[in-house]
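[1] return a 3D structure for these sequence lines:
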Amino acid sequence: MGARAQYVVVENGVWQRYYSHWGANRVVGDLMPGPAAATRCFRANEEIDEWLADLWCEGAALVDHDRRVLLWFAFADSWADHLAARAVLARTWPGWDVRFAHDGLGDFIHHLGLGRDLTRSPGWFETFDPSGFAATEDSEPWSVASVRLPDGSVRAWGTDWEPVEHLAAGPGLIDLLVASPATPVLTDMPYGGVHFDPQARTVSLWAVQTVAGVHEWPLHRWEDWTLDFRGDDHTWQGTLLSADFPFPRPSLAAALRQLGDGLGTPPPDTGALLARATAAPGPAGTAAVVNPSALVPHEPNDPTPAELTAVRGAIAALVAGAEGH
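    Model prediction:
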């Protein structure tokens, strides 16, 4: 149980790692007031001398004061939440290179000059042979998959797979995809998309979440294909979709307001959460054991009045701009 987060602070040629058992859901909020506030927050949490495993790290930030680079990742509840966070950070970290770390901790380790494999054992990226395609009957799918057909037209489907799972399935997925029935028109933006062009032997991918392994190209069975990775930019795939299956255009204003409402909100009472969890009945003969790290609350961001005013002003300006379109 938890929402594990890792932080790295680089300053004067020295880097140090920190950890919060409950911080992953607060990464964006801790970053929004800017570099100084975020650095204070991360250094107030537990100092550690190890890397978390990719599987267990649900949010992270690397603040490099020497090169003025911010790398971060965290799960967003929606496409709009991700774009809203990106927009706010672009304003509250002026002069910094602010990047979403699509390869998770692999991007952090690469930034530090340690390669990408330090925390990953050989064969860690699991591929599979698809026996079917996880199309969805829901109008709010996780991803959109599209294929350019031999006649040059493009068909698209909503899918319950995460974007990177389409790569893990290999090119054999394409025939299954083409044979799939149509899916409902989208009512909300997905978390990502993948486009296959068998004639050009190119696969394109975008996502507003981590797609760990995307820089390991070519992945197994894609050796003679080219990857066109577009970060979190969906617009190119949007130009390919037919008029009867377009990407929606949600407003960012509501997501921006939600970020503003969350400023200064204290972390939840993890003690009460653990008490309920340990009191719940388990299988006969078993007893709940609490991870000691779970007893350490997250040390939240505590921005100064000037930092808080600046971030509120940035959000207000962005809301005004979003409502004007």
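
[2] all strands for this protein, in order.
    Applying DSSP state E to the chain gives strands spanning 5-11, 14-20, 46-48, 59-64, 69-74, 97-100, 143-148, 154-159, 192-197, 202-207, 226-229.

[3] any chance of these in CSV, with mean neighbour count too?
    No exception for glycine: its C-beta is placed from N, CA and C like everyone else's. Converted to CSV, the strands of the chain look like this (neighbours: other CB atoms under 10 Å):
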stretch, mean neighbour count
strand 5-11, 22
strand 14-20, 18
strand 46-48, 14
strand 59-64, 24
strand 69-74, 23
strand 97-100, 17
strand 143-148, 23
strand 154-159, 21
strand 192-197, 24
strand 202-207, 22
strand 226-229, 14
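
[4] would TSV of those with mean pLDDT and distance to Pro184 be doable?
    Shown next, in TSV, are those (pLDDT from 0 to 100; distance: least, CB to CB, whole Å):
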stretch	mean pLDDT	distance to Pro184
strand 5-11	98	36
strand 14-20	97	39
strand 46-48	96	46
strand 59-64	98	31
strand 69-74	98	29
strand 97-100	98	29
strand 143-148	98	12
strand 154-159	96	7
strand 192-197	98	16
strand 202-207	98	21
strand 226-229	98	27
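
[5] Leu252: which of these is closest?
    Of all these, it is strand 97-100 that lies closest to Leu252, at 16.0 Å by CB to CB.

[6] pull up the pairing partners for that closest one, direction included.
    Using DSSP bridges, strand 97-100 pairs in its sheet with strand 69-74 (parallel).

[7] okay, the angle between the partner strand and strand 59-64?
    180 degrees (axes from the mean of the first three to the mean of the last three CA atoms, to 10 degrees).

[8] circling back: quick one: which of the strands of the chain is nearest Leu114?
    Nearest to Leu114, of the strands of the chain and by CB to CB, is strand 14-20 at 10.2 Å.

[9] what residues does that closest one touch?
    4-9, 26, 42-43, 45-52, 64, 112, 293, 296, 298-299 (CB atoms under 8 Å, 6 or more residues apart in numbering).

[10] before we move on, what about stretch 218-225?
    Contacts of stretch 218-225 (CB under 8 Å, 6+ apart): 125, 127, 167-168, 170-172, 201-203, 213, 227.

[11] for this protein, name the helix or strand with the lowest mean pLDDT.
    Evaluated with mean pLDDT, DSSP states H and E, the helix-and-strand set of the chain has its lowest mean pLDDT in helix 270-279, which scores a mean of 55.

[12] for this structure, longest helix please?
    Longest helix in the chain by number of residues (criterion: DSSP state H): helix 305-323.

[13] ok, and the closest non-adjacent residue to Ala84?
    Nearest residue to Ala84, sequence neighbours excluded (CB to CB, 6 or more residues apart in numbering): Ala255, at 3.8 Å.

[14] for the one you found, give its distance to Gly262.
    11 Å (CB to CB, to the nearest Å).

[15] which one's more surrounded, those two?
    Ala255 (24 against 12; other CB atoms under 10 Å).

[16] separation between Val211 and His298?
    26 Å.

[17] ok so, going back, tabulate the CA atom coordinates of the longest helix of the chain in PDB.
    Output in PDB follows, covering the C-alpha atoms of helix 305-323 (Å, rounded to 0.1, in the frame of the first residue of the first chain):
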ATOM      1  CA  PRO A 305       3.500  33.700   0.300                       C
ATOM      2  CA  ALA A 306       5.400  35.100  -2.700                       C
ATOM      3  CA  GLU A 307       5.700  31.600  -4.300                       C
ATOM      4  CA  LEU A 308       2.000  30.900  -3.600                       C
ATOM      5  CA  THR A 309       1.000  34.200  -5.200                       C
ATOM      6  CA  ALA A 310       3.100  33.500  -8.200                       C
ATOM      7  CA  VAL A 311       1.600  30.100  -8.900                       C
ATOM      8  CA  ARG A 312      -1.900  31.300  -8.300                       C
ATOM      9  CA  GLY A 313      -1.300  34.100 -10.800                       C
ATOM     10  CA  ALA A 314       0.100  31.600 -13.300                       C
ATOM     11  CA  ILE A 315      -3.000  29.400 -13.000                       C
ATOM     12  CA  ALA A 316      -5.400  32.400 -13.200                       C
ATOM     13  CA  ALA A 317      -3.700  33.600 -16.500                       C
ATOM     14  CA  LEU A 318      -3.900  30.100 -17.900                       C
ATOM     15  CA  VAL A 319      -7.500  29.700 -17.000                       C
ATOM     16  CA  ALA A 320      -8.300  33.000 -18.700                       C
ATOM     17  CA  GLY A 321      -6.500  31.900 -21.800                       C
ATOM     18  CA  ALA A 322      -8.300  28.500 -21.900                       C
ATOM     19  CA  GLU A 323     -11.700  30.100 -21.500                       C
END
